[in-house]
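**Student:** Generate a structure from the sequence data that follows.
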Amino acid sequence: MSHGPVAPRRARAAAALAAAALAASCMANPGDPPVVADPGGGAPPEPAPAGRDEAVIEIGVGVFGEGFNPHLAATADPVTDLVADMVLPSAFIPDADDPARLVRNGDLLSSAAVLGPEGTPARDFDAAAAAPGEKTLRYRIAPGAQWSDGTPISGADFTYLREGMVRTPGVRGGAGYERITSITVTGAGRVVDVAVEGPLPQWRELFRHLLPSHLLRAGGGSFATIMRDGVVASGAAFAVENIDIGRNEVRLVRNDRFWGRRPPLTETVVLRAERGPVPGAEQLRTGRLQAVQVRPEETTALAYSMVPGATLLPTPRPRTLTLQANLASPWLADRDTRRAVLAAVSQGDIAAVATGRRSDLVIPAPPASIAEADRAPLPPGPLVIGAMDGEVATAAARVIAAELTAAGVETTVSRAEPDELARTALPHGMVDLVVGWADDADTVLAAADRFGCPARTRIAGRAGDPAIGLRGPGRAGAEGEPAPGADGAAGTGADPSAGEAAPDWAPEDPGEPVGRPPARGGNLSGLCDPLVERLLAEHAAEVAVPAELRAAIDAAAVALPIVADGTLTVIGEDVAARGRGAPAGWPAAADIGALLTLPDWRRVPAGRAADPDPGADPGDPDAAPAGQDRRGPDRAEDPGRRETEEQEERG
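**Tutor:** Presented below is the predicted three-dimensional model:
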């Protein structure tokens, strides 16, 4: 793994690289139905403390564009993840003190269990989930759980999410949902039985960020395009009041219909584009911002370190900017050619331009099959590269195109949108390479999502679809001049020398379109390798990726990691978290860092953020000891029950 500045690899590419860097730098309000009654007759949620709920907390974030569906690879940026965690309900959530551990969301679910063969909860949920054969996951939705328009959260929302994850191109984390064979909903929509085939040790990762199916189905949009402009309903502590893409501002407000016992302390949270570390640091210094969370550039940490009282918290994110070869490409079906193409680009140069910095870069080592292979000739080209998301991926694509062109292979950047790439351009071989943020394949389930054979439930679009802007037979529209394409036949991705399977695209369902390959989900390369498939099946009951599986994936030479993702969170001195001490000790989740504690934030006089229970009133019912679960004592874990928390209810 490389850190720090990386020198240019080729002097002959300098002019093209500089040009690419310059180009990169330029770059329903539902009705008000009745509130759901609490069938359990429990006490209503505690009101927020009077006199403390009108403060506004403003947070500087990175520039963002359209798209707030957290399940799509193209929109999985820090802002989307933060909004999703604040407004969408999840079956399991990070533990308040150990965010790497997922615990049942007691606000959403009264119980969650893995049923044994007799239909009763297993003695050991994790062992039962990892066992072979079919098993049932049973979720009981808590009384009173509702969307912000008053509609109950129900099994229909579980079904909607599963359908979207297995049918939609370009989703991330779909592998677990592909193992679900059926969902049965009973108990007036509040009991959800999910049948799963085969081992699924990471069953707690399912049904994260449920979506309001009653509104999204009625809207008629596809799963890939819903929530392009906003979030129509909330099922968590905050609700989205407004999203202004032009001003790059998201306004979150306390969800008045949140049924949980611990509503957020602050009435309004505003997320707005930081627009650079110098103005951001000045706004933090003057109190216009209370915090910042951005992907850092060269001087970001330096600028914020000069703000009095500010706490800087770098957080690695479990994603890596990755260049992937498309096995359906007529040029890249051969493994040795893929190795040559991936080895011809500079990780360091791409990372520097894409991130805006050369220091503190975490550049993963390339797969040994790419770094150590004898160099085969580069393809004659031309090649087309697609960008799966935002400014960073587009900047990286332009640098890659410049470097490959300088190496003798004319390469252009496709203008196809991410959905068009995953649905049509990639499966039909209209683009040869694709770059974007990819979830790290650090577990067997994540490896199945990234490198398992594409699921047949996702059907590709037609090769001649004009929506993707064809610029020649079989090629996707690109920046610059039209690229003369191949003969238009989609490659199979077969490479007999590499042991890769030649997929048979005959549909399993007679009603499916004949002759269309599967669209791409998390596996954008289209890899379908018998050895990888066998090892994924053999190790499906495990979490850690075994060395032999990692070696088989690396040998396929389909992906080159460019740079690891990460954010810098800066906490000002005029904000505190309920029951927490100094910000340096706040827990940090993988996706959103220390903003995990955002529902517990409130404004305080400068310098009070380090108090054990900042600003607590003696009679404040919301006051809680440091580390206690924010949903109240009845939700907090007893340390003696940590390993059996999800098994407290057997019926």
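
**Student:** mind saving the C-alpha coords of stretch 445-460 as PDB?
**Tutor:** Extracted in PDB, the C-alpha atoms of stretch 445-460 (Å, rounded to 0.1, in the frame of the first residue of the first chain):
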ATOM      1  CA  LEU A 445     -20.700 -11.800   0.800                       C
ATOM      2  CA  ALA A 446     -19.200  -8.600  -0.500                       C
ATOM      3  CA  ALA A 447     -16.900 -10.600  -2.800                       C
ATOM      4  CA  ALA A 448     -20.000 -12.400  -4.100                       C
ATOM      5  CA  ASP A 449     -21.600  -9.000  -4.800                       C
ATOM      6  CA  ARG A 450     -18.500  -7.700  -6.600                       C
ATOM      7  CA  PHE A 451     -17.200 -10.800  -8.400                       C
ATOM      8  CA  GLY A 452     -20.000 -13.400  -8.500                       C
ATOM      9  CA  CYS A 453     -21.700 -14.200 -11.800                       C
ATOM     10  CA  PRO A 454     -24.300 -11.500 -12.700                       C
ATOM     11  CA  ALA A 455     -27.800 -12.400 -11.600                       C
ATOM     12  CA  ARG A 456     -30.200 -13.400 -14.300                       C
ATOM     13  CA  THR A 457     -32.900 -11.400 -12.500                       C
ATOM     14  CA  ARG A 458     -31.400  -8.200 -13.900                       C
ATOM     15  CA  ILE A 459     -32.100  -8.100 -17.600                       C
ATOM     16  CA  ALA A 460     -30.100  -5.800 -19.900                       C
END
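
**Student:** Regarding the nearest residue to residue 278 once chain neighbours are set aside, what is its secondary structure?
**Tutor:** In space, and not counting its chain neighbours, residue 278 is closest to residue 303: 5.8 Å by C-beta to C-beta, 6 or more residues apart in numbering. Just so you know, the C-beta spots here come from the backbone N, C-alpha and C atoms, and that holds for glycine as well. For residue 303, the assignment made with DSSP: H, G, I helix; E, B strand; the rest coil gives helix.

**Student:** okay, now the domains of the protein?
**Tutor:** Domain ranges of the chain: 56-273+573-647, 317-566, per automatic domain parsing.

**Student:** Switch these over to TSV; also include mean neighbour count, distance to residue 281 and mean pLDDT.
**Tutor:** What follows is the domains of the chain, written out as TSV (neighbours: other C-beta atoms under 10 Å; distance: least, C-beta to C-beta, whole Å; pLDDT from 0 to 100):
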stretch	mean neighbour count	distance to residue 281	mean pLDDT
domain 56-273+573-647	19	10	88
domain 317-566	21	16	83
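
**Student:** out of those, nearest to residue 309?
**Tutor:** Counting by C-beta to C-beta, residue 309 lies closest to domain 56-273+573-647 out of the domains of the chain; the figure is 3.0 Å.

**Student:** re earlier: reformat the domains of the chain as TSV; add distance to residue 287.
**Tutor:** Listed next are the domains of the chain as TSV, based on distance: least, C-beta to C-beta, whole Å:
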stretch	distance to residue 287
domain 56-273+573-647	6
domain 317-566	27
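
**Student:** Identify whichever of these lies nearest to residue 291.
**Tutor:** Nearest of these (C-beta to C-beta): domain 56-273+573-647, 4.7 Å.

**Student:** how far is that closest one from where the chain is centred?
**Tutor:** 13 Å (C-alpha atoms, centre = their mean, to the nearest Å).

**Student:** returning to what we had before: since we're on the residue nearest to residue 278, how many residues are nearby?
**Tutor:** 21 (other C-beta atoms under 10 Å).

**Student:** So it sits against residue 280, correct?
**Tutor:** Yes. Using C-beta atoms under 8 Å, residue 303 is in contact with residue 280, at 7.3 Å.

**Student:** quick revisit: out of the domains of the chain, nearest to residue 288?
**Tutor:** Comparing those by C-beta to C-beta, domain 56-273+573-647 comes nearest, at 6.5 Å.

**Student:** What strands line up against the longest strand belonging to the chain, and which way round?
**Tutor:** Identified as the longest strand of the chain according to DSSP state E is strand 311-325. Applying DSSP bridges, strand 311-325 is found paired with strand 433-439 (antiparallel), strand 559-571 (antiparallel).

**Student:** Just list the residues touching the most centrally placed residue in the chain, thanks.
**Tutor:** Centrality entry for the chain: nearest residue to the mean C-alpha point is residue 76, 4.1 Å, by C-alpha atoms, centre = their mean. Counting by C-beta atoms under 8 Å, 6 or more residues apart in numbering, residue 76 touches 70, 172, 319, 389, 437, 439.

**Student:** got the strands paired with strand 311-325 as JSON lines, with distance to residue 288 columns?
**Tutor:** Shown next, in JSON lines, are the strands paired with strand 311-325 (distance: least, C-beta to C-beta, whole Å):
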{"stretch": "strand 433-439", "distance to residue 288": "30"}
{"stretch": "strand 559-571", "distance to residue 288": "13"}
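
**Student:** To residue 82, which of the ones you listed lies closest?
**Tutor:** Across the strands paired with strand 311-325, closest to residue 82 is strand 559-571 (C-beta to C-beta), at 9.8 Å.

**Student:** List the strands paired with whichever helix or strand comes after that closest one, with their directions.
**Tutor:** Using DSSP states H and E, the helix or strand that follows strand 559-571 in sequence is strand 575-577. Partners of strand 575-577 in the sheet, by DSSP bridges, are strand 601-603 (antiparallel).

**Student:** what's the closest of the strands paired with strand 311-325 to residue 103?
**Tutor:** The closest of those to residue 103 is strand 433-439. By C-beta to C-beta, the value is 21.5 Å.
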